[in-house]
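Peer 1: Build the 3D model from these lines:
(chains A and B)
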Amino acid sequence: MSVATISRAASGPARVIPGFGLALGYTLLYLGLIVLVPLSAVLLKTATMTWDAFWSVISSERVLASYRLSFGAALIGAVLNVVFGGIVAWVLVRYRFAGKKIVDALVDLPFALPTAVAGIALTALYSSNGWIGRYLEPLGIKVAFTPLGVVVALTFIGLPFVVRTVQPVLEEAERELEEAAASLGANRLQTFAKVIFPTILPALLTGFALSFARATGEYGSVIFIAGNMPMVSEITPLFIVTRLEQYDYAGATAIAVVMLAASFVMLLTINLLQAWTRKRGREEKA
Amino acid sequence: MTAAASTLSISSVPRGELAYAPAATVEPFWVRASLIGIALVFLTLFLFVPLAAVFAEALKKGFDSYLAAIIEPDAWSAIKLTLLTASIAVPLNLVFGVAAAWAIAKFEFRGKSLLLTLIDLPFSVSPVISGLIYVLIFGAQGWFGPWLREHDIKILFAVPGIVLATVFVTFPFVARELIPLMQSQGNEEEEAALVLGASGWRTFWHVTLPNIKWGLLYGVILCNARAMGEFGAVSVVSGHIRGETNTMPLQVEILYNEYNFAAAFAVASLLALLALVTLAIKSFVEWRAQDINLQPIREH
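Peer 2: Below you'll find the model as predicted:
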């Protein structure tokens, strides 16, 4: 009945809309059953391990190598997405060209395309006889079945994030400010550096963080193209799956805790960045 | 655009249209051309070519073998399992999404921002971990493992586990589309209906639902695309039993690992088609939403 008391306390005297107790009660029940109780299993399982056992699992050579690859490749992918995603967002908002509507719609493809499909498609393209791989191979660049392949897959799945966070900010940006800068004698590059870039910076960083966060946990698109060699091209989520397949539940869970802690830090960062983006937006309008 | 700005002739040109913009705020032609060029080359390499490759590889051995690969019994049962899973997961998350949005958008209460963060949580968890949690609960060594074995109930490595993992990974989709939309719409229309004597349910069906239908559709198609395409979480809980616990993405993996590339890409091409249909509906909804000015739909 505590839900009903909150409802009366919170809704104030004139509130006529019904259903608060039912809606919030159902929300909390469903959230608890589907998300919170299952996730707490990870922590409870870890609590059964001794600290030494936990530490030796999460700091073994092979796991450290997998962190380096997962986080390193996610970082490179996110940087690539900031640079090229920023350009794509700019081009889509500011310029007109043939096929723009279709290009705009297809930017979301990595959100909609199942990761396994992306994985086998990228592998087919970048393997030595693939459409792209056959031109890179003579140059001595091997992509499929190397860490470079992991970067390609993680760039693909993170691609929409930067575009979709920067795009609305550019659309809302006041063109009058740029005109003012120009009329005060700034050239286009100065206007970009001093007026436009500061406006879109929070959105660029948010997009970077979202893309990075998504990429660190990615599994489906990577395992096909990575080659999955321990110490070389084995990502952390794959290592968790390997542990599970050997019925080493404790080991799998210990590494999952490390990844969950990392996601939690990224989630906090993203929330702060989004708050900053919104604040920027309000300042612009004020 | 503010009223003051629109009185200036320059500013009344719609955003993004360069035709009449003053030269001082426009990049030189070569800059524009090379930026468009860079963007298109990047998107071609990372989006268009992989998409084209799926269909090219699928049809490599001709249309007959493409068709044969799709109606092959294991592929067919994977298709049916995928449809079944989505048809359970999507309605569950739809009902949840509406309930959560109703509570969060229509009422003020403490802990709201924490609740919003918790609803988004499944998006920030690696798919592999989303599967792992159900192994820890229902697996042989898990919380309910022994009890389930005694009562001969199969959850892990069976259809219920696949459905649960799918529900988990698609949990936030509908809620996160509806919450900002309903927040921006406010409560006035519902309050008017209620004051005029409509019941709560009647108000919901006749006032709220028509207002949120595009946002709802948007959330549902994204939820559905992920439900049908989820790989990591489902792979951990499925057990990969051919013809029984393989969804389409898992079937793609098995065929691919058996070097049966044409068949793998044939099944994959169906999922790629699903992605394209999803994007088409999504663009249509965005276009409709722009028309009736449902701003929050694009902020995503």
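
Peer 1: Could you check how many residues crowd around A:Arg62?
Peer 2: When counting by other Cβ atoms under 10 Å in any protein chain shown, one arrives at 11 neighbours for A:Arg62. For the C-beta atoms, the positions are set from N, CA and C on the backbone; glycine is no exception.

Peer 1: what does B:Pro73 give?
Peer 2: 9.

Peer 1: likewise the one 4 residues further on?
Peer 2: For B:Ser77, the neighbour count with other Cβ under 10 Å is 17.

Peer 1: can you check A:Pro230 too?
Peer 2: For A:Pro230, the count of nearby residues is 13 (other Cβ under 10 Å).

Peer 1: show me what contacts it?
Peer 2: Counting by Cβ atoms under 8 Å, 6 or more residues apart in numbering or on different chains, A:Pro230 makes contact with A:Arg62, A:Ala65.

Peer 1: Check the secondary structure at it for me.
Peer 2: A:Pro230 falls in the coil class when you classify it by DSSP: H, G, I helix; E, B strand; the rest coil.

Peer 1: Per-residue pLDDT of whichever residue of the stretch 51-200 of chain B sits closest to chain A, please?
Peer 2: Going by Cβ to the nearest Cβ, chain A is nearest to B:Ser126 of the stretch 51-200 of chain B, at 2.9 Å. The predicted local distance difference test score for B:Ser126 is 95.

Peer 1: Apart from its neighbours in sequence, what residue is nearest it?
Peer 2: The shortest distance from B:Ser126 to any residue other than its chain neighbours is 2.9 Å, reached at A:Gly217 (Cβ to Cβ, 6 or more residues apart in numbering or on different chains).

Peer 1: doesn't B:Leu132 make contact with that neighbour?
Peer 2: No: using Cβ atoms under 8 Å as the test, A:Gly217 is too far from B:Leu132 to be in contact (11.7 Å).

Peer 1: Those two: who's more crowded?
Peer 2: Higher neighbour count among A:Gly217 and B:Leu132: B:Leu132, with 33 against 25, using other Cβ under 10 Å.

Peer 1: The more buried one and B:Gly142: what is the separation?
Peer 2: B:Leu132 sits 11 Å away from B:Gly142, going by Cβ to Cβ, to the nearest Å.

Peer 1: quick one: is stretch A:268-279 near chain B?
Peer 2: Yes: applying Cβ under 8 Å from any Cβ of the partner chain, one finds stretch A:268-279 touching chain B at A:Asn271.

Peer 1: Distance check, the residue in the stretch 201-300 of chain B positioned nearest to chain A against A:Phe97.
Peer 2: Here the stretch 201-300 of chain B gets closest to chain A at one residue, B:Gly229, 2.9 Å apart by Cβ to the nearest Cβ. If you measure B:Gly229 against A:Phe97 using Cβ to Cβ, the figure is 30 Å.

Peer 1: can you list the residues that contact stretch A:124-133?
Peer 2: Outside of stretch A:124-133, the residues that reach it under the criterion Cβ under 8 Å, 6+ apart are A:123, A:134, A:136-137, A:142-145, A:149, A:152, A:225, B:45, B:49-50, B:53, B:57, B:261, B:265.

Peer 1: Weed out the non-buried ones from the residues you listed.
Peer 2: Members of these that pass the buried threshold by neighbour count (16 or more other Cβ atoms under 10 Å in any protein chain shown) are listed as A:123, A:136-137, A:142-145, A:149, A:152, A:225, B:45, B:49-50, B:53, B:57, B:261, B:265.

Peer 1: of B:Gly229 and A:Phe97, who's got more company?
Peer 2: Between B:Gly229 and A:Phe97, counted using other Cβ under 10 Å, B:Gly229 has the larger neighbour count: 30 against 14.

Peer 1: Poorly predicted segments of chain A, please.
Peer 2: Across chain A, the stretches falling below the confidence threshold (pLDDT under 70) are A:1-15, A:284-286.

Peer 1: how about the nearest residue to the residue of the stretch 201-300 of chain B closest to chain A, chain neighbours excluded?
Peer 2: Beyond its immediate neighbours in the sequence, the residue positioned closest to B:Gly229 (Cβ to Cβ, 6+ apart) is A:Pro114, lying 2.9 Å away.

Peer 1: just B:Glu27 next, same as before
Peer 2: Computed as Cβ to Cβ, 6+ apart, the closest residue to B:Glu27 that is not its neighbour in sequence is A:Arg188, at 5.8 Å.

Peer 1: One more: A:Ala213?
Peer 2: In space, A:Ala213 comes closest to A:Met266 once its chain neighbours are excluded; the distance is 4.1 Å by Cβ to Cβ, 6+ apart.

Peer 1: Buried residues, the helix or strand A:Ala23 falls within. List them.
Peer 2: In the assignment (DSSP states H and E), A:Ala23 maps to helix A:20-31. Under the neighbour-count criterion of 16+ other Cβ under 10 Å, helix A:20-31 has A:Phe20, A:Gly21, A:Leu22, A:Ala23, A:Leu24, A:Gly25, A:Tyr26, A:Thr27, A:Leu28, A:Tyr30, A:Leu31 buried.

Peer 1: State the distance from the fifth one to chain B.
Peer 2: Pointing back at A:Leu24 there. In this view, A:Leu24 and chain B are 4 Å apart by Cβ to the nearest Cβ, to the nearest Å.

Peer 1: same check, this time on the third one
Peer 2: Distance, A:Leu22 to chain B, by Cβ to the nearest Cβ: 8 Å.

Peer 1: Run through the residues that contact that residue.
Peer 2: Applying Cβ under 8 Å, 6+ apart, one finds that A:Leu22 lies in contact with B:Ala99.

Peer 1: which residues sit in contact with the spatially most central residue of chain B?
Peer 2: Per Cα atoms, centre = their mean, the C-alpha nearest to the average position across chain B is that of B:Leu222, at 2.3 Å. By Cβ under 8 Å, 6+ apart, B:Leu222 lies in contact with A:Phe111, A:Ala112, B:Phe173, B:Glu177, B:Thr278, B:Lys282.

Peer 1: Which single residue of the stretch 151-286 of chain A ends up nearest chain B?
Peer 2: Counting by Cβ to the nearest Cβ, the stretch 151-286 of chain A gets nearest chain B through A:Gly217, at 2.9 Å.

Peer 1: any idea how far B:Val128 is from that residue?
Peer 2: To B:Val128, A:Gly217 is 7 Å away according to Cβ to Cβ.

Peer 1: Between the two, which contacts overlap?
Peer 2: Taking Cβ under 8 Å, 6+ apart as the contact rule, the neighbours common to A:Gly217 and B:Val128 are A:Pro237.

Peer 1: ok, back up a step: now the element after the host helix or strand of the residue nearest to the centre of chain B, going C-ward?
Peer 2: With elements delineated by DSSP H and E, B:Leu222 resides in helix B:209-229, which encompasses its position. Proceeding C-terminally, helix B:209-229 gives way to helix B:232-238 as the next helix or strand, assigned by DSSP H and E.
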